[in-house]
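Novice: Sequence first, predicted model second:
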Amino acid sequence: MADYDKQRENMVQRQIRARGITDEPILQAFREVPRERFVPEDMAEFAYEDGPLPIGEGQTISQPYIVASMIDAAEVAPGDRVLEVGAGSGYAAAVLSRIARRVFAIERHAILARQAQERVAALGYDNLDVIAGDGMQGWPEEAPFDAILVAARGIEVPEALKQQLAVGGRLIIPVGGEDVQQLRCVVRTGEDAWESHDIAPVRFVPLLPGAVPEGGTRAASNHQPARTKSLPELIADAAIPLGDVDEPGFASAFDRFADRRVVMLGECSHGTHEFYAARAAITRHLVERHGFTVVAIEGDWPDAAAYDRYIRGLPQREDAPMPFQRFPTWMWRNTVMPGFLRDLRTINEGRGEDDQVGFYGLDIYNMSGSIEAVLAYLDEHDPEAAAVARERYGCLTPWQADPATYGRAALRKGYAECEQAVVAQCRDLLERALGADGESFGAAMNARLVASAERYYRVMYYGGAESWNLRDSHMAETLEHLLEARGPRSKAVVWAHNSHIGDARATEMGAARGEHNIGQLAREKWGEEVALIGLGTHTGTVSAATDWDGDREVKRVVPSRRDSYERLCHDSGVPRFLLDLSSDPALARRLSEPLLERFIGVIYRPETERWSHYSESVLPEQFDAYVWFDETRALEPLARHEPHDQAPETWPSGV
């Protein structure tokens, strides 16, 4: 059996509130009225779809958003007397009756008027009357009305309706020709004075005079908003075309974000060449031209530290393991990274130490590497502290190679003290590191990673949102520490997946699962000083595995679904573009209806794509801007068969 209560609440949240109707009495009225009771029985399963539905006699029940928009524009209040012209199924009048004191509704088709009256009577709505009659003449014996809503177009506003409006009352009516009308608000300001203004373009069928007998066939209203231009056409108009990533002017389009403290660059997959190449070009430009000194990635701190030493011209640590050997190696050991790091090194060669750009990892997976880095630092600078740290980390040592195994073991009695120990170690080092040399700061960050990773691998076995939230909180806190350490004028570029940098509150992960992410936390911390930029594609190839820790494969990306934001971008016909959503509020409003969005991580399973790789979101609330590549190709690893083959031994110091 259909869960109409849940569908009704989803309608309120996604079709009405999400589009800007926030008046609580209106929302509550839509929650209360069962729309399934106002459609034919065989259409009940579609009652809460976002559009009109047929109700017989050639008529439709209105799209819920249109009903809500008209009620909102009419400013209907609890004590009001309201007239609706064009009652149809009686649904809009029923919603009005849950807000106003008294509602009168006129329908020109007698059979529909009778059915509507029977429905509202069965629901016990005794403050609502529906009659068959000529709506153009209004209902003079019950006038004046505080609000009049007309659900069919007219070339001009009927004089009878204007006269039946109370002083201070509002009349909402679509006015215009056959193709497109304006939804007009007429306010009676005195006995013989009216003012009017237009609200929005709409499309309705004509307001016809007179009542017709049962069996009439002319439609009273269509109740759909006009689309003077389709969404793909609007995207094409607003899009800033981008050239090839290798072209010198590619990144200049992103100068509009150069004044931000934090610029986050996303990706809808972890294995697409164009995403890495674009982020490298944009980052080079922001570092070289606009003073960004922090490059932070969705990677682990100790691994990223090897890249950081390379771009600063520092020698690699003796016996240090090769960085980024953990699955999926292609994320940070790929053919884009050597050239990008060489460019950063060249930039740094011409700068003083304080102005050099640094390369940092935000993630928490490499617990083993962080423990080794902490102990190496303490062995050199404080051997007594190193002995204490070894004792504190003792409970983790057997699990360093496989911290997930520790997560399972940590659920047993006796391991609680381990978390206390690693947190204490983290606190000791942080207290010493703040304001100290870079080596000390790096050790402190590694200690933070160990503490966070210990908790992460512990809670991941409980399931739910906690492990995701812990991981993204750690990344956000690491970014904050980096900006504090680099000084008040420091600015950062962050590379991470769209699921991390797009505001979680605008997606199912936040709305339905209670998860937050680094993009949301950064907005909450720095507000408009943050730019969240998503990257997407329609089709092509991608580097991904079928299962976790599996071999890299080149997989074909299925063309985007018709009910997705990606398909809107594809249908725009612009192959590569930047869409600045923060500077185009009109387009943002049109794109604010929740749609599906694709997320491909390091795992891609095309055969279950709808359920494993699509999630509902509101794009203009999720991102400040969106970068589009219509067709993309797979990211190439440094070694053709990674993760099993070793990458070149000279990496990164020999690039």
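Specialist: Looks like it arrived, so ask away. Numbering: from 1, shown residues only.
Novice: ok, longest strand in the protein?
Specialist: strand 530-544 (DSSP state E).
Novice: pLDDT of the helix or strand following it, averaged?
Specialist: Downstream of strand 530-544, the first helix or strand assigned by DSSP states H and E is strand 553-557. Averaged across strand 553-557, the pLDDT comes to 95.
Novice: Contacts for strand 553-557, please.
Specialist: 269, 537-546, 600, 604, 606, 632, 634 (C-beta atoms under 8 Å, 6 or more residues apart in numbering). Just so you know, the C-beta spots here come from the backbone N, C-alpha and C atoms, and that holds for glycine as well.
Novice: how about 7 Å then?
Specialist: 537, 539-546, 604, 606, 634 (C-beta atoms under 7 Å, 6 or more residues apart in numbering).
Novice: same question, stretch 563-583
Specialist: By C-beta under 7 Å, 6+ apart, stretch 563-583 touches 231-232, 235-236, 238-242, 253, 256, 536, 538, 560-561, 587-588, 595-598, 614, 619-620, 623-630.
Novice: Who are the contact partners of residue 595?
Specialist: Residue 595 sits in contact with 563-565, 616, where contact means C-beta under 7 Å, 6+ apart.
Novice: again, only this time at 8 Å
Specialist: With C-beta under 8 Å, 6+ apart, residue 595 has these contacts: 563-565, 568, 616-617, 619.
Novice: Show me what it is bridged to.
Specialist: Here residue 595 sits in beta bridges with residue 617, going by DSSP bridges.
Novice: measure it to residue 102 for me?
Specialist: Applying C-beta to C-beta, to the nearest Å, the value for residue 595 to residue 102 is 40 Å.
Novice: Let me see the ranges of the helices in the stretch 151-300 of the chain.
Specialist: 159-163, 231-238, 273-290 (DSSP state H, counting those that start in this stretch).
Novice: Pull out the buried members of the contacts of strand 553-557.
Specialist: For the contacts of strand 553-557, a burial check counting by 16 or more other C-beta atoms under 10 Å picks out 537, 540-545, 604, 634.
Novice: which non-adjacent residue is nearest residue 609?
Specialist: Closest residue in space to residue 609, ignoring its immediate chain neighbours: residue 558 at 5.6 Å, by C-beta to C-beta, 6 or more residues apart in numbering.
Novice: In contact with the one you found, which residues?
Specialist: Here residue 558 is in contact with 539, 606, 609 (C-beta under 8 Å, 6+ apart).
Novice: Check the gap between it and residue 628 for me.
Specialist: Counting by C-beta to C-beta, the gap from residue 558 to residue 628 is 17 Å.
Novice: Likewise for residue 232?
Specialist: 12 Å.
Novice: which of the two has more neighbours?
Specialist: Taking other C-beta atoms under 10 Å, residue 232 and residue 628 do not tie; residue 628 has more neighbours (24 against 16).
Novice: Now that the more buried one has come up, it's in contact with residue 537, right?
Specialist: Yes. The criterion here is C-beta atoms under 8 Å, and residue 628 meets it with residue 537 at 7.4 Å.
Novice: per-residue pLDDT, the most far-flung residue of the chain relative to its centre?
Specialist: Centroid-distance maximum for the chain: residue 141 at 51.3 Å, with C-alpha atoms, centre = their mean. Residue 141 carries a pLDDT value of 91.
Novice: Provide a list of residues in contact with it.
Specialist: So residue 141 contacts nothing (C-beta under 8 Å, 6+ apart).
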